[in-house]
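Participant: I need the structure of the sequence given here:
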Amino acid sequence: MEEEQDKVIIFPKWKQDLEKKAKQSMQDNRFQEAYTYFNQLTDNGVISHEVMTGKLICMMELNYYEEAEILCEQLIAKEDEYLSSYLHIYATLLFQSSKYKELMQLVEDTEEKQQLVSPMHEQLQHMYQLSQELQQQEDQKSYIEVMDKLKEAVLNRNDRQQWYMIKRLLELNVKKDIPLLKDMLKDSGIHPVVKTAILEYFIESDRSEKVIVEKFNLTYEFVIHNKETVFSSTFFSGVFKYLEDVQQNDPTSFQMIQFILQRFAYVYAPFLPEEENYEVLASALLYYVNQSLGMDRSHDRVDTHMFEHHVKMIDTAEKLYGTLLDI
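Facilitator: So this is what the prediction gives:
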């Protein structure tokens, strides 16, 4: 690295003068001035540990957190002899920016790779514990705020706000037993897409939940064990089995069918068609896509009534999904 610097810096005295001015400016707390000097050094190829550390400190003091994080990530990626120092600075940046989750992930990753030695390891462990406590406090505060907004959204029948609040609960990863959510699943006035988001919340809670779900005038009581109990993978593979020709000969239409079937399943879950209706659903999906592309093709229909029923189901799913999420 020093050899590289010598090739770039023609006047060593000028380099030493800049380093001296930068150091003195930092000592006098003139961080903007020091930052300017450090920039001149790095712009001319001086990337020693002392210069990079000084530049990072100035960036922190000047609240250039985003730029400092990017620089830290670049320095950490080199994994040189100063890795522990850059990791500590990066962790400090994340802590000062209240990015507690990112800091904890950083510490976990570095521990997994065994990149730290004492006492740096002990310092980061302390920051990890503080971040964990502060994140829990923030999550609890956010959880209370989200629940207040969710209750208000239910009272006002605001479907979109309900959706956003359920998604916020998923982001918070609180994994609480929330009676309101179970009540919403039974409420015929709650949007079907919102109910599916609630089912996702219970899936992510990592515990078996006994729930009663009402959708489309159907009621079902079951225990949520995992994703398969709500979104069965055999449903998708079973339907696609009848669309293999489309997959091979018309990949564009098949991609559209995949997209529509995903939305269909999200709207109707857990009330998905039975296996004996997979073929007619596949035929209805192909018809629906052809119609949307302006291609009116004939289809062999064993049961015209069931075919039309499934076309209506697809159309209903598209409208319900679109009205809530504007997609």
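Participant: Can you find which helix in this structure contains the most residues?
Facilitator: helix 120-155 (DSSP state H).
Participant: buried ones in the next helix-or-strand element following it?
Facilitator: Next in sequence after helix 120-155, counting helices and strands by DSSP states H and E, comes helix 159-172. Buried residues in helix 159-172, counted by 16 or more other Cβ atoms under 10 Å: 159, 161, 162, 163, 164, 165, 166, 168, 169, 170. The C-beta positions use only the backbone N, C-alpha and C, and glycine is treated the same way.
Participant: Make sure residue 191 is actually in contact with residue 320.
Facilitator: Yes - at 7.2 Å, residue 191 counts as touching residue 320 under the criterion of Cβ atoms under 8 Å.
Participant: Tell me, how many residues neighbour residue 311?
Facilitator: 18 (other Cβ atoms under 10 Å).
Participant: ok, it to residue 283 distance?
Facilitator: Applying Cβ to Cβ, to the nearest Å, the value for residue 311 to residue 283 is 9 Å.
Participant: Spell out, range by range, the strands that occur in the stretch 201-327 of the chain.
Facilitator: With DSSP state E, counting those that start in this stretch as the criterion, the stretch 201-327 of the chain has strands at 209-215, 218-224.
Participant: who does the longest helix of the chain touch, helix- and strand-wise?
Facilitator: The contact analysis (3 or more Cβ pairs under 8 Å, 6 or more residues apart in numbering; DSSP states H and E) places helix 120-155 against helix 83-96, helix 100-113, helix 159-172, helix 179-186.
Participant: try 6 Å this time
Facilitator: Judged by 3 or more Cβ pairs under 6 Å, 6 or more residues apart in numbering; DSSP states H and E, the packing partners of helix 120-155 are helix 83-96, helix 100-113, helix 159-172.
Participant: pull the CA atoms of the second one into PDB?
Facilitator: By that I understand helix 100-113. Written as PDB, here are the backbone C-alpha positions of helix 100-113 (Å, rounded to 0.1, in the frame of the first residue of the first chain):
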ATOM      1  CA  TYR A 100     -29.600  -1.200  16.100                       C
ATOM      2  CA  LYS A 101     -30.700  -4.200  14.000                       C
ATOM      3  CA  GLU A 102     -27.900  -3.500  11.500                       C
ATOM      4  CA  LEU A 103     -25.400  -3.300  14.300                       C
ATOM      5  CA  MET A 104     -26.500  -6.600  15.900                       C
ATOM      6  CA  GLN A 105     -26.300  -8.300  12.500                       C
ATOM      7  CA  LEU A 106     -22.800  -6.900  12.000                       C
ATOM      8  CA  VAL A 107     -21.600  -8.300  15.300                       C
ATOM      9  CA  GLU A 108     -23.200 -11.700  14.600                       C
ATOM     10  CA  ASP A 109     -21.600 -11.900  11.200                       C
ATOM     11  CA  THR A 110     -18.100 -10.900  12.500                       C
ATOM     12  CA  GLU A 111     -18.400 -13.400  15.400                       C
ATOM     13  CA  GLU A 112     -19.400 -16.200  12.900                       C
ATOM     14  CA  LYS A 113     -16.300 -15.400  10.800                       C
END
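Participant: other SSEs contacting that helix?
Facilitator: When contacts are defined as 3+ Cβ pairs under 6 Å, 6+ apart, helix 100-113 packs onto helix 83-96, helix 120-155.
Participant: Taking helix 83-96 as reference, get the angle to it.
Facilitator: 160 degrees (axes from the mean of the first three to the mean of the last three Cα atoms, to 10 degrees).
Participant: now the last one
Facilitator: Angular relation of helix 159-172 and helix 83-96 on a 0 to 180 degree scale: 150 degrees, by the same axes, to 10 degrees.
Participant: how big is the angle separating helix 159-172 from helix 120-155?
Facilitator: Using the same axes, to 10 degrees: helix 159-172 against helix 120-155 is 160 degrees.
Participant: can you tell me the average pLDDT over helix 159-172?
Facilitator: On average, the pLDDT along helix 159-172 is 94.
Participant: got it, and stretch 26-39?
Facilitator: pLDDT averaged over stretch 26-39 gives 92.
Participant: State the number of residues packed around residue 102.
Facilitator: 17.
Participant: Please list all residues in contact with it.
Facilitator: residue 94 (Cβ atoms under 6 Å, 6 or more residues apart in numbering).
Participant: Give me the pLDDT for it.
Facilitator: 94.
Participant: Please give the element, helix or strand, for residue 37.
Facilitator: Using DSSP H and E, residue 37 falls in helix 31-43.
Participant: What residues of that helix count as buried?
Facilitator: Across helix 31-43, burial judged by 16+ other Cβ under 10 Å covers 31, 33, 34, 35, 36, 37, 38, 41.
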